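1. pasting the sequence and the predicted coordinates here, then a few questions.
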Amino acid sequence: MNALDSMRFWASVCASALLLLAAHARAAEPAAPEKPAPAAQAPTTPVTRPADGRRAQPDDQLEQGNGFVRPPSENTLEWHGGLEADAGYAGYGFASDAARPQGFYDMRGRFVVGPTLEYRFGGSDWFLAARGELVAWLRETNAYQINADDVYGQFGLKGWWDFKLGRFRTWRVYHKGGGFDLYTLEDVGACRVSIAVTGSCSLETGSDAFGPHTYEVNHIYYREPAGRAALHVYPTEWSGVELAGTMGNNGVTNVLGGRAAALVHFSFLRVSAAGEYRSSSPAQEKTSMDPVSGAAIDCPNRGVSQLYGFGGSLEVTIEPVEAGINAAQSRETTYTATNGTLDNDASGTRTSLGGYAELDIGALAFQRSLVLGFGLNRTEVVDKVDNFEKHYQGAAYMSFPLGFNAASLKLVLTQATLDIESANGDGTATLLPRSTMRAARLRLTYPF
């Protein structure tokens, strides 16, 4: 074989080898799927290599194994919250020369925003949800301007039952209409003469500076540092039951309690009722010293308070009229922090009666909602030594919905009076000077 024939022979051998390798590689390739899977979106790996070759690290170094790949999110995300802004004036008068009248130009409000994440299992009605809301207060004080509203987790079967754990308000069963919004001067009412003699009647003075607050079956209602859990059951489309409990620590005080609420509601009728029990005690055990022997004496009731109450409301809606009546009563027992004896001044019975009525004159006159309403609440407190307090709070309001996102403008005019009878210990009582509050407020509400 000459050189030319030898070259041709080896060229044919190489070509045959290359063809065999190519055929083998094609046979080893996996068959392409006819259709990509529904969840074929590739998850993002925590470590990526940019085009310039430098390795970039993620900014959430979770405690996961090396090579961990985050699964794609299957949650739905919604944002909730809104703005409440108030501008108004509140004046306080007293039937006493020792307490001079006070007047406040008042502007306050808050902005709430937070996400709600919800996951549906397999497209069914079983769900798992989590919610967290931040609150920015309009009125600047020396305290933090931002804190939390709702912070909770929740799971269950939509329309049948759910369980909620975290920080939230329980169901409202005492409905006061639109004249007594939370965190306003109108809601707390008239100021005490004893406070006005030496100090200010602003909200920052504290709730004890005002008349007894309306009892709304609210010992376990407002958000607080103590934690909360609730089971909701919906036997029918028109009824519901809430079983709630609270447990935790408010500063140096342990809190424990429970609340049960039920409601039925139709387009023309809503009936709500609830009962609750709440106890609080110092986190640190308290003892006293025997004045004779000097030995330590246990005080099991020292600083303890026990509260229980019940109440509800009935509301009727026959467009363009809506009206409701409320009633609630609380029994409150408090023991002194010094030696654990019964605190007669702080123990007693609180009873609230109230109602409201609204007329949508806009729907009658010009096919656009314009609501006129009024509300009145009477709260009285009788303690163990027969001191008596009577607090009337009345409000008239006009609300104009703006037509989007339940946004509205509302004008509120209120008046409150506080009468106190101080027991003399011999079956008689001394009537203290009356306190009066008059206020006007304009509110912009813009929820989303």
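-> Now that the structure is in, tell me what you want to look at. Numbers count the residues shown, from 1 in each chain.
2. leaving out the residues flanking it, which one is nearest to residue 188?
-> Ranked by CB to CB, 6 or more residues apart in numbering and with sequence neighbours excluded, the top spatial neighbour of residue 188 is residue 210, at 4.3 Å. In this view, the C-beta of every residue, glycine as well, is placed from N, C-alpha and C.
3. quick check: beta-bridge partners of the one you found?
-> residue 191 (DSSP bridges).
4. got a list of what it touches?
-> 188-192, 201, 418 (CB atoms under 8 Å, 6 or more residues apart in numbering).
5. before we move on, what about residue 284?
-> Applying CB under 8 Å, 6+ apart, the residues contacting residue 284 are residue 252.
6. residue 192 contacts residue 212, correct?
-> No - using CB atoms under 8 Å, residue 192 makes no contact with residue 212, being 10.2 Å away.
7. which neighbours do the two share?
-> Counting by CB under 8 Å, 6+ apart, nothing touches both residue 192 and residue 212.
8. against residue 191, how distant is the residue nearest to residue 188?
-> 6 Å (CB to CB, to the nearest Å).
9. next: residue 311.
-> For residue 311, the distance to residue 191 - CB to CB - is 26 Å.
10. and those two? Which one has more around it.
-> residue 191 (28 against 23; other CB atoms under 10 Å).
11. residue 436 is in contact with that one, correct?
-> No - using CB under 8 Å, residue 191 is not in contact with residue 436, being 9.1 Å away.
12. what about the helix or strand containing residue 246, average pLDDT?
-> Element membership for residue 246, per DSSP states H and E: strand 239-250. For strand 239-250, mean pLDDT rounds to 96.
13. re earlier: between residue 191 and residue 436, what contacts are shared?
-> 92, 418.
14. skip the chain neighbours and tell me the closest residue to residue 125.
-> For residue 125, the spatially nearest residue (CB to CB, 6+ apart) is residue 158, at 4.0 Å.
15. and that neighbour, how far from residue 238?
-> With CB to CB as the criterion, residue 158 and residue 238 are 16 Å apart.
16. same thing with residue 339?
-> Distance from residue 339 to residue 238, by CB to CB: 52 Å.
17. likewise for residue 265?
-> 6 Å.
18. also residue 442?
-> 37 Å.
19. again, but for residue 377
-> 28 Å.
20. neighbour count winner among the two?
-> Taking other CB under 10 Å, residue 377 and residue 238 do not tie; residue 377 has more neighbours (26 against 13).
21. how about the residue nearest to residue 255 when sequence neighbours are not counted, phi and psi?
-> Excluding its sequence neighbours, the residue lying closest to residue 255 (CB to CB, 6+ apart) is residue 226, at 4.3 Å. As for residue 226, its main-chain torsions (degrees, to the nearest 10) stand at phi -60, psi 150.
22. ok, the one 4 residues further on next?
-> When read as degrees, to the nearest 10, the backbone of residue 230 gives phi -150, psi 140.
23. can you tell me how far the closest residue to it other than its chain neighbours is from residue 78?
-> Spatially, and ignoring its direct neighbours in sequence, residue 230 is nearest to residue 244 (4.0 Å; CB to CB, 6+ apart). Separation of residue 244 from residue 78 (CB to CB): 24 Å.
24. and if you look at residue 335?
-> 46 Å.
25. one more: residue 119?
-> Distance, residue 119 to residue 78, using CB to CB: 13 Å.
26. residue 444 now?
-> Residue 444 is 23 Å from residue 78, by CB to CB.
27. neighbour count winner among those two?
-> Using other CB under 10 Å, the more surrounded residue of residue 444 and residue 78 is residue 444, with 15 against 12.
28. got a list of what the more buried one touches?
-> Neighbours of residue 444 in contact, by CB under 8 Å, 6+ apart: 83-85, 407-409.
29. can you verify it is assigned to a strand?
-> Yes - looking at residue 444 with DSSP: H, G, I helix; E, B strand; the rest coil, it is inside a strand.
30. please, where are all the helices along this protein?
-> 3-28, 185-188, 193-198, 361-365 (DSSP state H).
31. lowest mean pLDDT across those, which one is that?
-> Per-stretch mean pLDDT for the helices of the chain is lowest at helix 3-28 (a mean of 52).
32. tell me how far stretch 310-329 is from the chain's mean position?
-> Centroid separation between stretch 310-329 and its chain, computed with CA atoms, centre = their mean, to the nearest Å, is 22 Å.
33. just stretch 401-415 next, same as before
-> 21 Å.
34. now that stretch: buried residues?
-> Residues of stretch 401-415 classed as buried under the neighbour-count rule (16 or more other CB atoms under 10 Å) are 401, 407-408, 410, 412-415.
35. cheers, nothing more for now.
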